[in-house]
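Enquirer: sequence and predicted model, in that order:
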Amino acid sequence: MGFGVDIGARQLCVHPEILDSEDDNDFEEPSKGNDEGEDTFMRSYSDILNEELNTTTLGKSFVRAKEQTTQQDEETSSNTTAAMDEDFTPVDADVNLVKSFLDSFSSQEGLPGPASNLLGLMGLQLRDANKGK
């Protein structure tokens, strides 16, 4: 008893104007004039995402790259300036990747898991530090 399919097919046969509806605006092709709306959406989406991420401690968990250009003065005019400068120092992606990878491996406690599987695919075999103790 396929009610949904049979009834839908009968309605199309009895009412062919459903297919010829001029109200087909539901699935419009993207046009070049719609770029402004897309930019507005992306900007608002980015703002909301940034607000949400600012409430987390995720940014503080990254290892930051050390400034090699010039050293900052020990005496700053305010603590907020120092905090802002610290927020904008670049993140060392390589160090963070290795740190996260080793944290994942150590949390596996010698058992199979994502870190040991990836290392195995790369031809590396790490020993568990707790295994010999």
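Expert: Arrived safely. Here the structure is a predicted model, which is why all the values come from computation and not from measurement.
Enquirer: name the nearest residue to residue 102, sequence neighbours excluded.
Expert: residue 115 (7.9 Å; CB to CB, 6 or more residues apart in numbering). For glycine as for every other residue, the C-beta is placed from the backbone atoms N, C-alpha and C.
Enquirer: quick one: contacts for that neighbour?
Expert: By CB atoms under 8 Å, 6 or more residues apart in numbering, residue 115 lies in contact with 101, 102, 104, 105, 108.
Enquirer: now the buried members of these.
Expert: Neighbour-count burial (16 or more other CB atoms under 10 Å) applied to the contacts of residue 115 gives residue 105.
Enquirer: and which of the contacts of residue 115 is nearest residue 56?
Expert: residue 104 (19.7 Å; CB to CB).
Enquirer: the closest one is in contact with residue 118, isn't it?
Expert: No: assessed by CB atoms under 8 Å, residue 104 is found out of contact with residue 118, at 9.1 Å.
Enquirer: what's the helix or strand encompassing residue 50 packed up against?
Expert: Following DSSP states H and E, one finds residue 50 within helix 35-54. Helices and strands touching helix 35-54, as assessed by 3 or more CB pairs under 8 Å, 6 or more residues apart in numbering; DSSP states H and E, are absent.
Enquirer: got the CA positions of it in PDB?
Expert: Listed next in PDB are the C-alpha coordinates belonging to helix 35-54 (Å, rounded to 0.1, in the frame of the first residue of the first chain):
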ATOM      1  CA  ASP A  35      27.100  38.700  -4.500                       C
ATOM      2  CA  GLU A  36      26.200  41.500  -2.100                       C
ATOM      3  CA  GLY A  37      23.700  39.300  -0.300                       C
ATOM      4  CA  GLU A  38      26.300  36.500  -0.100                       C
ATOM      5  CA  ASP A  39      28.900  38.900   1.300                       C
ATOM      6  CA  THR A  40      26.500  40.200   3.900                       C
ATOM      7  CA  PHE A  41      25.700  36.600   5.000                       C
ATOM      8  CA  MET A  42      29.400  35.700   5.200                       C
ATOM      9  CA  ARG A  43      30.200  38.800   7.200                       C
ATOM     10  CA  SER A  44      27.400  38.200   9.700                       C
ATOM     11  CA  TYR A  45      28.200  34.500   9.900                       C
ATOM     12  CA  SER A  46      31.900  35.300  10.500                       C
ATOM     13  CA  ASP A  47      31.000  37.800  13.200                       C
ATOM     14  CA  ILE A  48      28.800  35.300  15.000                       C
ATOM     15  CA  LEU A  49      31.400  32.600  14.800                       C
ATOM     16  CA  ASN A  50      34.100  35.000  16.200                       C
ATOM     17  CA  GLU A  51      31.900  36.000  19.100                       C
ATOM     18  CA  GLU A  52      31.300  32.300  19.900                       C
ATOM     19  CA  LEU A  53      35.000  31.500  19.800                       C
ATOM     20  CA  ASN A  54      35.900  34.400  21.900                       C
END
